[in-house]
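In: sequence plus the predicted model coming up.
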Amino acid sequence: MRSNFVKDKLNSGETSVGTFLNLCSPMAAEALIALGYEWAVVDTEHSAWDFADATATFAAIEAKGGIPLARTWDHSRVAISRLLDAGALGLVIPHVSTAESAEQFADAFRYPPLGHRSVGSSRATLLNSEYRNGWANDNVMLIPQIEDPNGVANVYEIASIEGVDAIFIGPNDLALEMGLTANDVFTHPDHLAAINEILNGAKKAGKPAGLSVSDGATAKRFIKDGFTMIDLSNDFRLLQKSASNELAKAIR
């Protein structure tokens, strides 16, 4: 692999569309990347991923020309190390609320002299012959996910940490943490104000911002606002939506 083209696109101000993976299926990942999704996030926070299947999914994403990412199951250095060593080229870290936490993640992400990532025999070294000699430090992506009011208040400080590559929003958790409901996502004025504050904080720090949306029309809306890393639904929801639509046509 030459480089993380998604990171290059985001750093150039271009938009990149990907998806999350919750079906625990390498084949689902392969099919979505083949359709044109540029990246896919193996969601180990909310799904029952077996680690061997997650690793096979990274390989399936790579095989179709996509960039493999993952969302960590917790904030530990072990989780970060295992997922990067398995071949993830970026990690979404959920529930990041402070710059101090982001700084610790940045330290765990990069090899010396930029950080203190541990060295071990791993699949990731197959990605590039110079993986440990600067390639990994240049190509992995640290993506803190803002999901509560404290994270909103601290977004500029979080985004400004050296080694943070993008800011990502968890809109559903953010709504609940704000005392809102699922129906208020992207509609309630307070939720929209928080979304805008996160975007502005990331921009001020010179970092790209992304978020999860459920459909293409909503994606276009937020791309127009300045978001460039768009998670367009996930494999589980896409399956449900397509199956529901076709079933309704069949029995209408």
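Out: That came through, no problem. Numbering: from 1, shown residues only.

In: got the contact list for the residue minimising distance to the centre of the chain?
Out: Note on the chain: the residue nearest the mean C-alpha position is V92, at 4.2 Å, using C-alpha atoms, centre = their mean. Counting by C-beta atoms under 8 Å, 6 or more residues apart in numbering, V92 touches 41, 69-72, 143, 145, 168. For glycine as for every other residue, the C-beta is placed from the backbone atoms N, C-alpha and C.

In: now do 7 Å
Out: With contact taken as C-beta atoms under 7 Å, 6 or more residues apart in numbering, V92 is in contact with 41, 69, 71, 143, 145, 168.

In: any idea how far N133 is from the closest residue to it other than its chain neighbours?
Out: Distances taken as C-beta to C-beta, 6 or more residues apart in numbering put R71 closest to V92, at 4.2 Å, once the chain neighbours are dropped. The gap separating R71 from N133 is 28 Å, by C-beta to C-beta, to the nearest Å.

In: who has more neighbours, the two?
Out: R71 (25 against 10; other C-beta atoms under 10 Å).

In: Provide a list of residues in contact with the more buried one.
Out: Going by C-beta under 7 Å, 6+ apart, R71 touches 41, 43-45, 92, 94.

In: before we move on, back to that, tell me the pLDDT of the residue nearest to V92.
Out: As predicted, R71 sits at a pLDDT of 98.

In: phi, psi of it?
Out: Phi and psi for R71, reported as degrees, to the nearest 10, are phi -110, psi 130.

In: doesn't T19 fall inside a strand?
Out: Yes: membership of T19 in a strand is supported by DSSP: H, G, I helix; E, B strand; the rest coil.

In: next, count neighbours for it.
Out: T19, neighbours per other C-beta under 10 Å, totals 25.

In: what sits against it?
Out: Going by C-beta under 7 Å, 6+ apart, the list of residues near T19 reads 32, 37, 40, 231-235.

In: apply 6 Å and report the result again.
Out: By C-beta atoms under 6 Å, 6 or more residues apart in numbering, the contact set of T19 is 32, 37, 40, 232, 234.

In: with V140 instead?
Out: Each residue near V140 by C-beta under 6 Å, 6+ apart is listed here: 89-90, 109.
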